[in-house]
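# Dropping a prediction and its sequence here:
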Amino acid sequence: MQFYSNWRIIPSQDVIDAAFKRPDIIAQFSHGGDDKVTDKDVSRKLHDAAASRDKTLKLYPGMWHGLLYEETSENINIVFAVIINWLNQRTDQAAISWLERELKHQNYESLKDEEQTSI
């Protein structure tokens, strides 16, 4: 990664390539519908190119390029709410999957213990 004077981190091409080739990475692409700096079709193409099985493209009608800093407070709150909700949905799913695996493991261990004591 390279650091620029404005403190933005730009990932190297191999990091980008890896992210777009791995189907297990979740990805959300957000773009202002009235963005004059970057064409929203770029976000659409990035979304389509990503190998992720769980990817979302969110276009915000009437919003511009800086979704988190060049918009009104109301619009910034909308963007944050969408992002947080999107992450929470995936966190909840991951927690449920973990809990299911843990319960299955505990059940398996209990059955195994019962079998050993009955022998």
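Now that the structure is in, tell me what you want to look at. Numbers count the residues shown, from 1 in each chain.
# Which single helix of this protein contains the most residues?
As assigned by DSSP state H, the longest helix anywhere in the chain is helix 73-118.
# I'd guessed residue 65 sits against residue 32; true?
Yes - contact criterion Cβ atoms under 8 Å: residue 65 and residue 32 qualify, at 5.8 Å. To be clear about C-beta, it is placed using only N, CA and C from the backbone, and glycine gets the same treatment.
# neighbour-wise, which of the two wins?
residue 32 (23 against 14; other Cβ atoms under 10 Å).
# ok, that one to residue 74 distance?
Residue 32 sits at a distance of 14 Å from residue 74 (criterion: Cβ to Cβ, to the nearest Å).
# for residue 59, same thing?
Applying Cβ to Cβ to residue 59 and residue 74 gives a distance of 17 Å.
# and these two? which has more neighbours close in?
residue 59 (15 against 7).
# Any regions of the chain where pLDDT drops low?
1-12, 15, 94-95, 111-115, 117-119 (pLDDT under 70).
# try it again with 80
Scanning the chain for pLDDT under 80 picks out 1-19, 92-119.
# Kindly provide the distance from the residue nearest to residue 67 when sequence neighbours are not counted to residue 13.
Spatially, and ignoring its direct neighbours in sequence, residue 67 is nearest to residue 79 (4.8 Å; Cβ to Cβ, 6 or more residues apart in numbering). Distance, residue 79 to residue 13, by Cβ to Cβ: 27 Å.
# sec struct for residue 51, please.
coil (DSSP: H, G, I helix; E, B strand; the rest coil).
# Next, the contact list for it, please.
Applying Cβ atoms under 8 Å, 6 or more residues apart in numbering, we find residue 51 in contact with 20, 21, 22, 23.
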